[in-house]
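> Provided below for reference: sequence and predicted model.
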Amino acid sequence: MAAVDISSPAFSSDPAVRLFKLQRGGLTAMITNLGATVTSLTVPDARGQLRDVVLGFDTARPYQDGTSPYFGCVVGRVANRIAGAQFDLDGQVHHLTANDDPRPNTLHGGKVGFDKRIWRVVGKDEGSDAGPAAPPSASASAAAEEGAACNGTELHLALTSWDGEEGFPGRVEARVSYRLVGDGEMVIVMAAHAVDRDTPVSMAHHMYWNLGGHASGTVHDHVVRINASHYTPINANHIPTGEILPVAGSPFDFLSKEFPIGARMGEVAGGYDHNYVLHRTDAWSGGKAAEVLGGEKGEDGVTGEEGVKGAEGVTSGMEGPEGGRKEADETGKDGEAAAVVAGEKLFLAARVRHPETGILMTLSTNAPAMQFYTGNFLDGSVKGKGDTAYQQHAGFCLETQGFPNAVNEPKFPSVIIRRGERYIHVMRIQFSHT
């Protein structure tokens, strides 16, 4: 099916900011190259009624001017928080942009992270180590003028992150690919290549979900299960303390059985905004996360060596020691994870169902962790699509990721990729009905 570029002045007056429509079966996604952002994702509910299940905006401006609280975008170079807006890499301290006011942290890559950059549209065979389209001083239009090589079910975007951007060392070539596959599935692949220096990379996708529809109110009634027996508690600055605690017997337990989001939220100060240590297994059981990270082999064959090696011996989030983790040619049967990324084993991360609409969402990933966030900082002041005022808890996020503040916490799996290494992060989102 031919590409559907639905860019218009109504969405953005900047010709470099483009909006694309992907469609397959009942799924329709609207994606802009500004922040590689999903602005809309429409899925049919159990009765066949279409529901736009992600929070977002009708125009590009809120994504660009800081109004958006990271709705639907790709965040990087390092997702989540870095304590004190600095880190030490091989004896050199790197000072970053602090943008987590009033906390002294770097959040989601800094003031102008990947979410506020205009990405190049590229062909699917153009890898993340392709050269930059233009230096940062060039016009945004020139940077976006690569051929619109997408079709009706997939879109590929690339970005050059320059040495020193937001304080991070080294040039990184990043790429995001979106594909609608199978029957009701979206696959997102985030990849990066450290071109000339060692650097941290931990990208994440920041969609706010509401399976009742983006304008349907709070997500308190959404029923969640998370494939994690441990989580990382946080301090007053929302930085992990370094502890890895069991969820059993606490309001963080979404493993023993499913719970509505709102059922125990009052027991969690401020609401859920915590990193879960995902099991590397396809069932609602498996490895002992805290023991795994300490170096002991868990039931699912995961070891606690740097990078958290998976059962097939490849390092989660970067190339394995053999250098064998590369993007595939994306051939093969639709819906197969191996058809998207060669050698990538995806593991069950979470399932969420909405009793009223009957929509069931299942998330799988190769990432070692996931931030579960319940839109605690929304307060009705942000007006989204259709002039909807997004109130507190109007959406939830399942941000698969590397561990927050891993650059400063030696107990956590490393997010450093060495010069010449590649990083890859896969999310598979499947929709069905209960």
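Perfect, thanks for sending it.
> residues contacting the closest residue to residue 389 other than its chain neighbours?
Distances taken as Cβ to Cβ, 6 or more residues apart in numbering put residue 380 closest to residue 389, at 4.6 Å, once the chain neighbours are dropped. The way it works is simple: take the backbone N, C-alpha and C, and place the C-beta from them, glycine included. For residue 380, the contact set (Cβ atoms under 8 Å, 6 or more residues apart in numbering) comprises 389-392.
> mind giving me JSON lines with those residues and columns for neighbour count and pLDDT?
Shown next, in JSON lines, are these (neighbours: other Cβ atoms under 10 Å; pLDDT from 0 to 100):
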{"residue": "389", "neighbour count": "13", "pLDDT": "98"}
{"residue": "390", "neighbour count": "24", "pLDDT": "98"}
{"residue": "391", "neighbour count": "15", "pLDDT": "98"}
{"residue": "392", "neighbour count": "13", "pLDDT": "98"}
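> what's the farthest-apart pair in those residues?
389 and 392 (10.8 Å; Cβ to Cβ).
> Could you give the number of residues near residue 412?
24 (other Cβ atoms under 10 Å).
> what about it, which SS state?
With DSSP: H, G, I helix; E, B strand; the rest coil as the basis, the three-state label of residue 412 is coil.
> From residue 113, how far off is it?
Plainly put, residue 412 is 21 Å away from residue 113 if you go by Cβ to Cβ, to the nearest Å.
> In the stretch 101-250 of the chain, mark out all the helices, start to finish.
140-143 (DSSP state H, counting those that start in this stretch).
> Residue 226 is in contact with residue 256, isn't it?
No - counting by Cβ atoms under 8 Å, residue 226 stays clear of residue 256, with 10.6 Å between them.
> So which of the two has more stuff around it?
Taking other Cβ under 10 Å, residue 226 and residue 256 do not tie; residue 226 has more neighbours (26 against 12).
> so what's that one up against?
For residue 226, the contacting residues are 254-255, 276, 349-350, 370, 372, by Cβ under 8 Å, 6+ apart.
> cutoff 7 Å now
Contact analysis of residue 226 by Cβ atoms under 7 Å, 6 or more residues apart in numbering lists 254-255, 276, 350, 372.
> One more: residue 428?
Per Cβ under 7 Å, 6+ apart, neighbours of residue 428: 185, 187, 337, 346, 364.
> my read is it is in a strand, agree?
Yes - judged by three-state DSSP, residue 428 forms part of a strand.
> pLDDT value on it, please?
On the pLDDT scale, residue 428 is placed at 95.
> In the protein, where is pLDDT below threshold?
For the chain, the stretches with pLDDT under 70 are 1-3, 126-151, 285-343.
> Tell me the spacing between the residue positioned nearest the centre of it and residue 39.
Nearest to the geometric centre of the chain sits residue 205, at 2.0 Å (Cα atoms, centre = their mean). For residue 205, the distance to residue 39 (Cβ to Cβ) stands at 13 Å.
> related to what we said a few turns ago, among the contacts of residue 226, pick out the one closest to residue 121, please.
Closest to residue 121, out of all of those and judged by Cβ to Cβ, is residue 350, at 30.3 Å.
> Look up phi and psi at that closest one.
Dihedral pair for residue 350: phi -160, psi 160, per degrees, to the nearest 10.
> how close does residue 376 get to residue 270?
Distance, residue 376 to residue 270, by Cβ to Cβ: 5 Å.
> neighbour-wise, which of the two wins?
Neighbours were counted for residue 376 and for residue 270 using other Cβ under 10 Å; residue 376 has more, 15 against 11.
> And the more buried one, how far from residue 277?
21 Å.
> now do residue 111
As judged by Cβ to Cβ, residue 111 and residue 277 stand 29 Å apart.
> Was I right to think residue 238 contacts residue 106?
No - between residue 238 and residue 106 there is no contact under Cβ atoms under 7 Å: 11.9 Å.
> what residues are shared contacts of the two?
Both residue 238 and residue 106 are contacted by residue 81, under the criterion Cβ under 7 Å, 6+ apart.
> burial measure for residue 179, as a count.
Residue 179 is flanked by 23 other residues according to other Cβ under 10 Å.
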